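Trainee: Have a look at this prediction, sequence included:
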Amino acid sequence: MDTPRARVLVDCGLFQGEKPLRLRNWSEFPVPASSVDAVALSHAHVDHSGYLPALVRQGFRGPIYATVATRALCRIVLPDSGHLQEEDAAYANRKGFSKHAPALPLYSEADALAALECFRTVGFDEEVEIAEGVRARFTRAGHILGSASVTLSLDGSPARRLVVSGDLGRGSHPLLRDPSPPGEADVLLVESTYGDRQHPDASSLGAFARAISRTSARGGAVVIPAFAVDRTEVILLELRRLRRAGAIPDLPVFVDSPMALGALEVYRRAIAERSDEIGPGVAGDGDPFDPGHLVEAHTVAESRAINDQRFPCIIISASGMATGGRVLHHLANRLPDPRNTVILAGFQAAGTRGRRLLEGERTVKLLGRYVPVRAEIVDIPAFSVHADQSELVGWLRRAKRAPGMVYVVHGEVVAAAALRDAIERNLGWPAAVARDLEVVRLD
Ligand SMILES: [Zn+2]
């Protein structure tokens, strides 16, 4: 966002998903990095934060404003992302398939650490001047720990208010308090990840318990590819609840992802410190994330040892769309056996391995070889931490007044168009799907 006096970014993420999308991470940034005065970061997910180290590498030296928990989670997520970028470049060099010799990473772990130095924390509902004539207020978005919507107030005549939803939670998060209503806006940008869908109600979680019990009864293992940040926590809480209700058997639960374990610590700390993001009634006895037999696999050796587990168990591992990470070797190991089950517990973007499993492909390529899919595949969309269409419209409806204009962003084309139609139909507000790199004047 540009004013006559300042240039501010809200979020600065990496493209994820299909290769053509990922390649866009390599195209030139739309403005010179050094011309950006400040960044307001809504939350720690890599599709919102993951380009920040590249921005710093390219000369950005301004402050990055984020909530306390977002910074804590970025300390885990960004260095890991830098490490992955370095691995990708090293792999390209070994295989000699890069056009550049030698291939360079988009950014390194050191760049990620440099980006973390730029972070400044802000409290929720507190207004701070982030650049000359630009004030930002972060309000709870209820999506993951630390997540916020951002209201930017721009000085000038006339003064303008811009609200960016960030990713919005469902208002039924088992840990987090509900999203705050949107601030007053002249222009409002709303996400649309699930803009064309309605989540089934929470009763579909019954299917989750049944899938685990069924798998256990036939002597199989359950593999759950899960996003390291938040999804792992939500799944563990649900497993604990089901176990206490006697709805699932008592099984060892492996959490096999260093990033997920790091995030788990951040969540545990927030609960212990009674952070005001955490909803009432969460604290309580013992480790809230231990369903009974929680096993944390920190090292590679501990991760490999899970392959020898021949008794029923539950393995939660990243990445959430099975695009990388330790979950790959669990899938390669467990998919060929029909006693096992893979539970897909969230959004699976087009082109990802998770989407292919969801669509019933009988063979998937994993770690360089083709693996037959004989395990049961179960989709539990109720675990989504994104609001669905009616929840997004419901959030907008809580605004004090209709914004002058709504731009629908951050969703696949069909989802964004469906949300735009729903906004026009249900609220009668003017809405448009923002085009890529579209420039809009606010005066
Ligand atoms: Zn997110």
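Mentor: Nice, I can see it.
Trainee: which ones are touching the nearest residue to residue 398 once chain neighbours are set aside?
Mentor: Leaving aside its chain neighbours, residue 398 sits nearest to residue 181 (3.6 Å; criterion: Cβ to Cβ, 6 or more residues apart in numbering). Where you see a C-beta, it was placed from the backbone N, CA and C, and this is true even at glycine. With contact set as Cβ atoms under 8 Å, 6 or more residues apart in numbering, residue 181 has these partners: 395, 398-400.
Trainee: Show the buried residues in those residues.
Mentor: Buried members of the contacts of residue 181, scored by 16 or more other Cβ atoms under 10 Å, are 395, 399.
Trainee: Keep only those of the contacts of residue 181 that are in strands.
Mentor: Residues of those located in strands (DSSP state E): none.
Trainee: For the ion, state which of the contacts of residue 181 is nearest.
Mentor: Relative to the ion, the closest of the contacts of residue 181 is residue 395; by Cβ to the ion it sits at 15.0 Å.
Trainee: Now do residue 157 against residue 4, distance only.
Mentor: Residue 157 is 11 Å from residue 4, where distance means Cβ to Cβ, to the nearest Å.
Trainee: Settle it for me: which of the two has more neighbours?
Mentor: For residue 157 and residue 4, the more surrounded residue by other Cβ atoms under 10 Å is residue 4, and the numbers stand at 9 against 6.
Trainee: give me every residue that touches that one.
Mentor: residue 156.
Trainee: measure it to the ion for me?
Mentor: Computed as Cβ to the ion, to the nearest Å, the residue 4 to the ion distance reads 32 Å.
Trainee: Would you agree that residue falls within a helix?
Mentor: No - counting by DSSP: H, G, I helix; E, B strand; the rest coil, residue 4 is not part of a helix but coil.
Trainee: circling back to that earlier point, so which of the contacts of residue 181 belong to helices?
Mentor: residue 395 (DSSP state H).
Trainee: can you list the contacts of residue 181 in CSV and add pLDDT and distance to the ion?
Mentor: As requested, those are exported to CSV (pLDDT from 0 to 100; distance: Cβ to the ion, whole Å):
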residue, pLDDT, distance to the ion
395, 97, 15
398, 96, 20
399, 96, 21
400, 93, 26
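Trainee: Among the contacts of residue 181, which one sits closest to residue 78?
Mentor: residue 395 (28.1 Å; Cβ to Cβ).
Trainee: Settle this for me: that closest one is touching residue 167, isn't it.
Mentor: No - using Cβ atoms under 8 Å as the test, residue 395 is too far from residue 167 to be in contact (11.5 Å).
Trainee: Which single residue in the stretch 1-150 of the chain comes nearest to the ion?
Mentor: When scored by Cβ to the ion, the stretch 1-150 of the chain has residue 45 as its residue closest to the ion, at 3.5 Å.
Trainee: how many neighbours does that residue have?
Mentor: A count of nearby residues for residue 45, using other Cβ under 10 Å, gives 26.
Trainee: what's near enough to touch it?
Mentor: So residue 45 contacts 13, 77, 144, 167, 227, 229 (Cβ under 8 Å, 6+ apart).
Trainee: quick check, nearest of these to residue 325?
Mentor: residue 227 (10.2 Å).
Trainee: wait, isn't the closest one in contact with residue 318?
Mentor: Yes - with contacts counted by Cβ under 8 Å, residue 227 reaches residue 318, the gap being 6.6 Å.
Trainee: I'd like the mean pLDDT over stretch 92-106, please.
Mentor: Average pLDDT, stretch 92-106: 77.
Trainee: Figure out the length between the terminal residues of it.
Mentor: One end of stretch 92-106 sits 12 Å from the other (Cα to Cα, to the nearest Å).
Trainee: still on that earlier bit, so which of the contacts of residue 45 would count as near the ion as well?
Mentor: residue 167 (Cβ under 5 Å from the ion).
Trainee: Sort the contacts of residue 45 by pLDDT and name the bottom one.
Mentor: Minimum pLDDT across the contacts of residue 45 is recorded for residue 227, with 88.
Trainee: so what's that one up against?
Mentor: The neighbourhood of residue 227, defined by Cβ under 8 Å, 6+ apart, consists of 45, 318-320, 346.
Trainee: Flag every buried residue along the lowest-mean-pLDDT helix or strand in the chain.
Mentor: Lowest on mean pLDDT, DSSP states H and E among the helices and strands of the chain sits helix 19-23, with a mean of 84. Within helix 19-23, the residues scored as buried using 16+ other Cβ under 10 Å are residue 22.
Trainee: So what's the residue count around residue 44?
Mentor: Residue 44 has 28 nearby residues by other Cβ under 10 Å.
Trainee: ends of stretch 216-234, how far apart?
Mentor: 21 Å.
Trainee: just how off-centre is that stretch within its chain?
Mentor: 17 Å (Cα atoms, centre = their mean, to the nearest Å).
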